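J.: Need a 3D model of the following:
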Amino acid sequence: MVRVPLRLPLFILEEAMTVTLHVCITCRAGQTLDEGEATPGKRLHGAILDAGVPEGVNVVPVECLSACSQGCSVALSAPGRWSYVYGRLSEAHASDVVAGAAAYAAAPDGLVPWRSRPEIFRKQSLARIPPIAVVPEAAE
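T.: Next up is the predicted model:
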């Protein structure tokens, strides 16, 4: 059997190269909020957008990253790369999050050298998750 190389449409390849920065917008960071008051997570999300999102990074607000006891949290992921979850963040950290996302986007495997990471990414990492292995299709 001869296998033909898989050819994917360009938009799928471009999407696969995009880094996703998930920002938990429901995080209350242990605060009691007044009715209608924006959560610290929503404020962090807004501050990240205001700081300027790097090329190749897609910011996605999410309902929960299950890091509730760790304050505001974000996660960085991309196909074929290590993923990271960072916590104990606030809107004051937005520029560091953006810098960390840019460094992650530039690392083909998601492993940013220690000294190239913003300090919050060195000290406030909650989880590091290995890339998901792609299992080849079974031979027919």
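
J.: pLDDT weak spots in the protein?
T.: By pLDDT under 70, the low-scoring segments of the chain are 1-17, 134-140.

J.: Name the residue closest to the centre of it, please.
T.: Nearest residue to the geometric centre of the chain (Cα atoms, centre = their mean): Leu76, 2.0 Å.

J.: The helix or strand containing that one: partners in the sheet, and parallel or antiparallel?
T.: Element membership for Leu76 (DSSP states H and E) is strand 72-77. Strand pairing for strand 72-77, determined by DSSP bridges: strand 19-24 (antiparallel), strand 83-89 (antiparallel).

J.: what are the ranges of the helices in this structure?
T.: For the chain, applying DSSP state H gives helices covering 10-17, 40-51, 94-106, 119-123.

J.: got those helices as JSON lines, with mean neighbour count and distance to Val57 columns?
T.: C-beta here means a position set from N, CA and C on the backbone, and glycine is covered the same way. Output for the helices of the chain, formatted as JSON lines (neighbours: other Cβ atoms under 10 Å; distance: least, Cβ to Cβ, whole Å):
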{"stretch": "helix 10-17", "mean neighbour count": "10", "distance to Val57": "11"}
{"stretch": "helix 40-51", "mean neighbour count": "20", "distance to Val57": "10"}
{"stretch": "helix 94-106", "mean neighbour count": "20", "distance to Val57": "5"}
{"stretch": "helix 119-123", "mean neighbour count": "15", "distance to Val57": "14"}
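
J.: looking at those helices, which is closest to Ile25?
T.: Ranking those by distance to Ile25, with Cβ to Cβ as the measure, places helix 40-51 first at 4.5 Å.

J.: ok so, going back, got the helices of the chain as JSON lines, with distance to Glu63 columns?
T.: JSON lines is the format used below for the helices of the chain (distance: least, Cβ to Cβ, whole Å):
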{"stretch": "helix 10-17", "distance to Glu63": "22"}
{"stretch": "helix 40-51", "distance to Glu63": "10"}
{"stretch": "helix 94-106", "distance to Glu63": "19"}
{"stretch": "helix 119-123", "distance to Glu63": "23"}
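
J.: Sweet, I'm off.
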